[in-house]
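Asker: Give me a 3D structure for the following:
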Amino acid sequence: MTASIVILNWNGAAMLRRFLPSVLEGSSGAEVVVADNGSTDESLTVLERDFPRVRTIKLERNLGFAEGYNEALRRVQSDVYVLLNSDVRVTPGWLSPLLRCLEERPGVAALQPKIRSEWDMGRFEYAGAAGGFIDSLGYPYCRGRVLGTVEEDKGQYDSVLSVFWASGAALVIRSRDYWQAGGLDGRFFAHQEEIDLCWRLRSRGRGILCVPQSVVYHLGGGTLPQGSPRKTFLNFRNNLLLLYKNLPERSLRRVLRLRLWLDALASLQMLATGQWRSAMAVWRARREFRRIRRDFEPARMENLSRTVLDPIPEQATFSLLWQYYVLGHRTFSSLR
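Answerer: Modelled structure (predicted):
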């Protein structure tokens, strides 16, 4: 089984210097590729001068995370793609448990390692932790991270587990499954595109796992920092899009009506805390969703027609907001 680690880079020369050595040292047997997404900094110079054995794919402009990866992966020939963020530090031998799992479980399409924080190495990292899930209203959460609460890693989530989505920060996926599901949706540009891809895979009966015996450390916020209005816009818009693309007909209208009120509450909370640009971004996201949703109708019809697993076992039937704010359940293991 051949594997290629593909790192999508945009103006990340400092990240490459800091994190690429660990990938080269700790990923024996895998090809390492950096796809440069139209950088205007010294990234290409750094790659040529400091990392001559790394294969470089040059994209002409910044295509975003989703389409950037699609374009790069069209030029990679391997059984397994490893989509790795440029701000991830890997540990020696991290890839072996992941590839072994794919070899032993043909029904599994994609998986992720345990992701800890580079800032606080004893804690899980926000974007993925020990595997991703989604609640009844489309809010993502993780084993080890529920909304804003990030748990300390005490080994409590060290079992291999079937999950709803695997983090795009360190996504290991069979190339055949990637393309059969249509790849990442380039229209998302960035944020939650891996959840959309995993939803398609899972609804079509393919498995997704977290394998905590593999550990990486993620810095996070390398492209858009937490609290950025642009990040808020993409998260709210893309979350609505993935619901529209994938929710069954019986749930769609009810969920979208509830989300209108919940998004309004989120906007008011941002206003109350002085984040007026982020509050406006929520409403821009909703307007954009209404404007473009019909463009996603063919994708929705295809997804529903190819669904074989309904309901998906890893999609929670509860409301995460109710669990967190009303019942006070702030950890994954306390959710009911």
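
Asker: so where's this protein shaky on pLDDT?
Answerer: 221-226 (pLDDT under 70).

Asker: Now do the helices in it.
Answerer: 13-26, 43-50, 64-73, 95-104, 175-180, 193-203, 229-246, 249-272, 276-292, 297-305, 320-321 (DSSP state H).

Asker: And for the shortest one, what's in contact with it?
Answerer: Read that as helix 320-321. Residues from elsewhere that reach helix 320-321, judged by C-beta atoms under 8 Å, 6 or more residues apart in numbering: 135, 137, 139, 141, 146-147, 262, 335. All C-beta atoms are positioned from the backbone trio N, CA, C, and that covers glycine.

Asker: ok now that helix, how far from the chain's centre?
Answerer: 20 Å (C-alpha atoms, centre = their mean, to the nearest Å).

Asker: Compare the contacts of helix 320-321 and tell me which is most surrounded.
Answerer: Comparing the contacts of helix 320-321 by number of neighbours (other C-beta atoms under 10 Å), residue 146 comes first, having 24 neighbours.

Asker: Could you measure from that residue over to residue 122?
Answerer: 18 Å (C-beta to C-beta, to the nearest Å).

Asker: what sits against residue 70?
Answerer: Contacts of residue 70 by C-beta under 8 Å, 6+ apart are 63, 183-184, 186.

Asker: can you list those residues in JSON lines and add distance to residue 104?
Answerer: Shown next, in JSON lines, are the contacts of residue 70 (distance: C-beta to C-beta, whole Å):
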{"residue": "63", "distance to residue 104": "35"}
{"residue": "183", "distance to residue 104": "25"}
{"residue": "184", "distance to residue 104": "26"}
{"residue": "186", "distance to residue 104": "33"}
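
Asker: Spatially, which pair of the residues you listed is furthest apart? Let me know, please.
Answerer: 63 and 183 (12.5 Å; C-beta to C-beta).

Asker: Just name the most buried of the helices of the chain.
Answerer: When you average the neighbours per residue for each of the helices of the chain (mean count of other C-beta atoms under 10 Å), helix 193-203 leads with a mean of 26.

Asker: Only C-alpha atoms, please: export it in PDB.
Answerer: Presented in PDB, the C-alpha positions along helix 193-203 are these (Å, rounded to 0.1, in the frame of the first residue of the first chain):
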ATOM      1  CA  GLU A 193     -15.300  20.700   3.800                       C
ATOM      2  CA  GLU A 194     -13.900  17.500   5.400                       C
ATOM      3  CA  ILE A 195     -17.100  17.000   7.400                       C
ATOM      4  CA  ASP A 196     -19.100  17.300   4.100                       C
ATOM      5  CA  LEU A 197     -16.800  14.700   2.500                       C
ATOM      6  CA  CYS A 198     -17.000  12.300   5.500                       C
ATOM      7  CA  TRP A 199     -20.800  12.700   5.600                       C
ATOM      8  CA  ARG A 200     -20.900  11.500   1.900                       C
ATOM      9  CA  LEU A 201     -18.600   8.600   2.700                       C
ATOM     10  CA  ARG A 202     -20.400   7.500   5.800                       C
ATOM     11  CA  SER A 203     -23.900   7.700   4.300                       C
END
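
Asker: Which secondary structure elements does that helix sit against?
Answerer: Other helices and strands packing on helix 193-203, by 3 or more C-beta pairs under 8 Å, 6 or more residues apart in numbering; DSSP states H and E, are strand 108-117, strand 132-134, strand 207-218, helix 229-246, helix 297-305.

Asker: list the helices and strands the second one packs on?
Answerer: Helices and strands touching strand 132-134, as assessed by 3+ C-beta pairs under 8 Å, 6+ apart, comprise strand 140-142, helix 193-203.

Asker: what would these look like in TSV with distance to residue 248?
Answerer: Formatted as TSV, these follow (distance: least, C-beta to C-beta, whole Å):
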stretch	distance to residue 248
strand 140-142	18
helix 193-203	9
